[in-house]
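**Student:** coords below, sequence missing:
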């Protein structure tokens, strides 16, 4: 989905509010992480991956702004990093690149521009692409969605295959420090509630290895049930596969979040507009030398 028509619509509907205030470029750099079936912490820096973004912010009022943001990052989680035995011995893992574009509304909590710092909150809507993958024991990379590791689409009672483009709802906030009339730097955290439980390819129950092997092949069965890859005794699966044992929790959708620095550079401000207008009034009716 492209947000360009939405941006043009806002400029057409609110031309005075947007164009009479300020337009700024935003540069984002930080980390991305996720919360879901393979990571239970609501927020952690553990196993984070770099993320970068570029955005455009337009002020509607002195306190309310709207921004369009492109964000690129990566998610990763591994049961081997979990201290709880019920997750460690499950032995699943995933990685996925995230490509997001969003429209967000930003509200400054302090009125006016006299403060050298400000607090703000953010809310919006985003469209993002993801594609979970993993590596087998030989080090070969495999994308998980085509393998239907939970029997999606061919086992009775299993959900349909999940989409690789979904919606999320960013919400968060930050603190901004003004360095000059045109440059400010912020630290912000924004969480994304998603409409999928398959960021990590884990949600419901283990399918029968024999059925998934017959339908999707040996590699799909191998990457669906990975508990036997761990050496020694496995207390979670002491006798191997147990039919219909939970693989994840389908009642909770996955989240991902961004934490990092934003540098904002004002391209057009009220003060510069006023200076241009004053210069025009001063020079009105005066003939300048063409040389």
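**Tutor:** Looks like it came in fine. The model shown is predicted, which means the values in this text are computed figures rather than measured ones.
**Student:** all helices for the stretch 101-250 of the chain, in order.
**Tutor:** Ranges of helices in the stretch 101-250 of the chain, per DSSP state H, counting those that start in this stretch, are 209-216, 218-224.
**Student:** comparing these, which comes out most buried?
**Tutor:** helix 218-224 (a mean of 19; mean count of other CB atoms under 10 Å). Any C-beta I mention is one placed from the backbone N, CA and C, and that applies to glycine too.
**Student:** does anything pack onto that one? Which helices or strands?
**Tutor:** helix 209-216 (3 or more CB pairs under 8 Å, 6 or more residues apart in numbering; DSSP states H and E).
**Student:** for the helix it packs on, the averaged confidence score.
**Tutor:** Averaged over helix 209-216, pLDDT sits at 93.
**Student:** let me have the helices of the stretch 101-250 of the chain in a markdown table, extended by distance to residue 87.
**Tutor:** Output for the helices of the stretch 101-250 of the chain, formatted as a markdown table (distance: least, CB to CB, whole Å):
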| stretch | distance to residue 87 |
| --- | --- |
| helix 209-216 | 20 |
| helix 218-224 | 16 |
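**Student:** among the ones you listed, which comes closest to residue 253?
**Tutor:** Residue 253 sits nearest to helix 218-224 of all the helices of the stretch 101-250 of the chain, at 21.1 Å, using CB to CB.
**Student:** what's next to that closest one, contact-wise?
**Tutor:** 134, 136, 142, 144, 147-150, 206-207, 209-210, 212-213 (CB atoms under 8 Å, 6 or more residues apart in numbering).
**Student:** go through the helices of the stretch 101-250 of the chain and name the closest to residue 35.
**Tutor:** Of all those, helix 218-224 sits nearest to residue 35, with 22.4 Å by CB to CB.
**Student:** so after that closest one, what's the next helix or strand?
**Tutor:** Counting by DSSP states H and E, the element after helix 218-224 in chain order, helix or strand, is strand 255-268.
**Student:** thinking again about what came up before, so which of the helices of the stretch 101-250 of the chain is nearest residue 92?
**Tutor:** Nearest to residue 92, of these and by CB to CB, is helix 218-224 at 8.7 Å.
**Student:** from residue 200, how far off is residue 249?
**Tutor:** Taking CB to CB, to the nearest Å as the measure, residue 249 falls 11 Å from residue 200.
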